[in-house]
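Novice: this one's sequence-less:
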Ligand SMILES: [Zn+2]
């Protein structure tokens, strides 16, 4: 009997502990109000469930019913004839006809099967309806009657969105102001229909208001704002030609987020390196997430705090170096290139001497690191060997052969590191790069 009581007491104590732990976890993850209802960051750090809970961020793989150019998942790779667009009087499988009743019924079925009508609390979702990724626009009889032209598919696409929005008032439907749907519709859209506007025209620099790109972007936002209150911005937070070299984008991003907020933008999607490793991504994802809640965030102080907490042995060294890069971008107002070569990175913010000194000091300091810090530094140093190799390639010299061989060996270590296979977005496989330069 006594034994049973003891067991019960222990059981109750455990229950209490579980309760306390979950309560603590919930409290820890309570976030203040954010000016943005959608806070998407497409980065490897933000792909981790615990990070999204902790940072209060979203991810396109988990927070959208249908994302991007993925209508083929609904209508199939070989859609019904009525879903195929008519271009120059002929059927063209490269584009869809958005006046198609068949497409509408397939979408309705897909939404009901996967997400229901969204009436149950927490079950509503965001669904993106976009043409295929090209400039073709359907000019069949129905699409012409809707208002389509050979270059403008907005009328038929927004008609489809209106129908779906009416059928599913609890879900949200988005298109993008891009290619054939760049032009805003002539009529106001329902409250649950929104648009993604790309910020690609806005130059990636801290001061951008005196530029043609700024005026183009502002014009686009203004046109769409007259038709919908649900504007999301699609922005970019990586050099897509080089994920592994430093990309000091935080002060630039802060100015952009402040602008988007002033414009009444409701959601942000920051397109980063997806699942591929990017140097400093752990810190940058943390700071970007915080910025989405606090637009006036003290970036310098937060960077220092992050590194002090997460890199006890090497944090000061990394923070000091990284902050130099941010300050250079801030003071020079240089553009940080989104598809930049090493030459462009060097011309903008990456001082070769300061970088090589930093890498060497980090290598020494990393020997004292332990546990999670040691593992993170293994990634960072492997990635930075790519940067160093790229710098050597700018001025090839016989004197550098030994160093080059060492760096190549170091970069080969990427094979043991999960998520580090590519150094950029397309045709940028690290192994292919090594084969190319290792001769
Ligand atoms: Zn059509």
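Specialist: Everything's here; your move. Keep in mind that this is a model prediction, so the values were computed, not measured. Residues are numbered from 1 along each chain as shown.
Novice: give the next helix or strand downstream of the host helix or strand of residue 347.
Specialist: Element membership of residue 347 [criterion: DSSP states H and E] is helix 342-348. Counting by DSSP H and E, the next helix or strand C-terminal to helix 342-348 is helix 352-366.
Novice: C-terminal to that next one, what's the next element?
Specialist: Using DSSP H and E, the helix or strand that follows helix 352-366 in sequence is helix 371-394.
Novice: so which bits of that following helix are buried?
Specialist: 373, 376-377, 379-392 (16 or more other CB atoms under 10 Å). Quick note: C-beta positions are derived from backbone N, CA and C, even for glycine.
Novice: same check, this time on stretch 163-182
Specialist: Buried, per 16+ other CB under 10 Å, within stretch 163-182: 163-165, 168, 171-182.
Novice: just the ones in helices from the residues you listed, please.
Specialist: 163-165 (DSSP state H).
Novice: for those residues, which one is nearest the ion?
Specialist: Ranked by distance to the ion (CB to the ion), these are led by residue 163 at 14.3 Å.
Novice: filter the buried residues of helix 371-394 by proximity to the ion?
Specialist: Here nothing survives when the buried residues of helix 371-394 are matched to the ion using CB under 5 Å from the ion.
Novice: enumerate the residues of the protein near the ion.
Specialist: So the chain meets the ion at 97, 99, 138, 140, 143 (CB under 5 Å from the ion).
Novice: for the second one, what are its contacts?
Specialist: Right, residue 99. 138, 140, 142-143, 146, 156, 159-160 (CB atoms under 8 Å, 6 or more residues apart in numbering).
Novice: just these: which are in helices?
Specialist: 142-143, 146, 156, 159-160.
Novice: give me the distance from the helix holding residue 347 to the chain's centre.
Specialist: 23 Å (CA atoms, centre = their mean, to the nearest Å).
Novice: equivalent analysis for stretch 110-128, please.
Specialist: With CA atoms, centre = their mean as the basis, stretch 110-128 stands 23 Å off its chain's centre.
Novice: hang on, the earlier thing: in TSV: the contacts of residue 99, plus neighbour count and pLDDT.
Specialist: Shown next, in TSV, are the contacts of residue 99 (neighbours: other CB atoms under 10 Å; pLDDT from 0 to 100):
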residue	neighbour count	pLDDT
138	28	98
140	21	98
142	18	98
143	23	98
146	19	98
156	29	98
159	20	98
160	21	98
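Novice: for residue 413, state which of these is nearest.
Specialist: Comparing the contacts of residue 99 against residue 413 with CB to CB places residue 160 closest, at 49.5 Å.
Novice: so the closest one touches residue 128, yeah?
Specialist: No: with contacts counted by CB atoms under 8 Å, residue 160 stays clear of residue 128, the gap being 11.9 Å.
Novice: number of nearby residues for residue 226?
Specialist: 11 (other CB atoms under 10 Å).
Novice: OK, contacts around it?
Specialist: 184, 188.
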